[in-house]
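S.K.: Okay, here's the prediction I keep looking at, along with the sequence it came from:
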Amino acid sequence: MSTDHDGLSKVQKRRLRSHFGFTRAPFSRYMWASNMYDSTGQRDLLAGLRMWLELQGIVLITGPSGVGKSITLRRFVKELDDARYRVLVLPTMPSTPHGFLRSLCREMGLQMRQHTTDLFDQVRGRLVELGQADGPHPVLVLDDAEGLRIGVLDMLRRLTAANLDEQDHFSVVLAGTDELLHTLQAPQLAPLRTRVGFAWQLRPYGLEDARQYVAYQLQRAAVDAKVFSDQAVKRIFQVSRGYPRSINQLALQALIQAVIAGRDTVDGDFMHQVCKSHPLYQSVLGAA
């Protein structure tokens, strides 16, 4: 049976929609950045990014997996004025400096060269050229950067160093899990750390944001937020620990089990049973 992006089959979606009257399935794993819920931390991050970009340079965004870094970054990029900024995004994170430079060449439409030195000179020359021109300011976006090795990060530092010190010819957004912070502590990356102009750690939702997030998801599905009682939302928050992806999993699980049980609402006791029976959250529930 085929499933959609949110992991539900078409039959399951029809049952959910007919039972609760949804206009669309809530708590999807995928959402357009323009439709994201703005938590307090995400709003503050977006405000910081907008101010940082006026100054340019390097920004560092970190936080655990599942807290909304990528969707917030997509929202930020989507809002950029194409006349002022040219966004360069690498679809995958290269594991070697040579591969990193080749990826940049591919993204900028440059010729592929055999030697790393030639690739480096070509990429840096093009970035300088773009930065000095009257056209859009280049913004290199490196998401999921926790997989970048020290050599690649040092190559990034070298692209921003040397005769470029008098001006930021391009800006860099470096985003990843807290593992990226660990990698950046390497002694040889001290020069890169000193070039970070703005840094932000995105953390999970607090209770109020979790409450508003559940209500927002139900509102988009054209359903009364009272489908989940306040005690049910508190239980979701406790077990999910405020991670949006986990909130999605638990809330959707509760809706499916409510349909099976013939329930129109999810109260605290029912949500407790849902969490207790969920194989991915039983250990968390025991520690809660």
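M.R.: In hand now; what should we look at? Numbers count the residues shown, from 1 in each chain.

S.K.: who's in contact with residue 281?
M.R.: Taking Cβ atoms under 8 Å, 6 or more residues apart in numbering, we find residue 281 in contact with 239, 246, 250, 275. Yep, even glycine has a C-beta here, placed from its N, CA and C like the rest.

S.K.: repeat that for 6 Å
M.R.: 239, 275 (Cβ atoms under 6 Å, 6 or more residues apart in numbering).

S.K.: Now the phi/psi pair for it, please.
M.R.: Recorded main-chain torsions at residue 281 are phi -120, psi 10, according to degrees, to the nearest 10.

S.K.: roughly how far apart are it and residue 214?
M.R.: In this view, residue 281 and residue 214 are 16 Å apart by Cβ to Cβ, to the nearest Å.

S.K.: same check, this time on residue 55
M.R.: For residue 55 relative to residue 214 (Cβ to Cβ), the value is 37 Å.

S.K.: Report the contact partners of the most centrally placed residue in the chain.
M.R.: The residue lying closest to the centre of the chain (Cα atoms, centre = their mean) is residue 70, at 1.5 Å. Contact partners of residue 70, counting by Cβ under 6 Å, 6+ apart, are residue 143.

S.K.: For it, give me phi and psi.
M.R.: phi -70, psi -40.

S.K.: Equivalent analysis for residue 130, please.
M.R.: Torsion angles, degrees, to the nearest 10, at residue 130: phi -70, psi -40.

S.K.: Can you report how many residues neighbour it?
M.R.: 17 (other Cβ atoms under 10 Å).

S.K.: Verify the contact between it and residue 138 for me.
M.R.: Yes: between residue 130 and residue 138 there is a contact under Cβ atoms under 6 Å: 4.8 Å.

S.K.: how about the helices of the stretch 1-150 of the chain, start to end?
M.R.: 10-20, 40-55, 69-79, 97-108, 116-132, 150-159 (DSSP state H, counting those that start in this stretch).

S.K.: Nearest approach to residue 222 belongs to which of these?
M.R.: helix 10-20 (9.7 Å; Cβ to Cβ).

S.K.: same question for that closest one, mean pLDDT?
M.R.: Across helix 10-20, the average pLDDT comes to 73.

S.K.: Identify the residues contacting the helix or strand hosting residue 250?
M.R.: Assigned by DSSP states H and E, residue 250 falls within helix 244-261. Contacting residues not belonging to helix 244-261 are listed as 15, 19, 27, 66, 68, 236, 240, 266, 271, 274, 278 [Cβ under 6 Å, 6+ apart].

S.K.: which of these tops the neighbour count?
M.R.: Most crowded among these, counting by other Cβ under 10 Å, is residue 236 at 28 neighbours.

S.K.: Without its sequence neighbours, what residue ends up closest to that one?
M.R.: residue 250 (5.0 Å; Cβ to Cβ, 6 or more residues apart in numbering).

S.K.: before we move on, back to that, more crowded one of residue 55 and residue 214?
M.R.: residue 214 (24 against 11).

S.K.: List the buried residues of stretch 106-118.
M.R.: For stretch 106-118, burial by neighbour count (16 or more other Cβ atoms under 10 Å) applies to 108, 110, 113, 116.

S.K.: Sorry, slip of the keys, the one I care about is stretch 249-260.
M.R.: Result for stretch 249-260 [16+ other Cβ under 10 Å]: buried residues 249, 250, 251, 252, 253, 254, 255, 256, 257, 258, 259.

S.K.: is it true that residue 201 touches residue 61?
M.R.: No: at 8.1 Å, residue 201 does not count as touching residue 61 under the criterion of Cβ under 6 Å.
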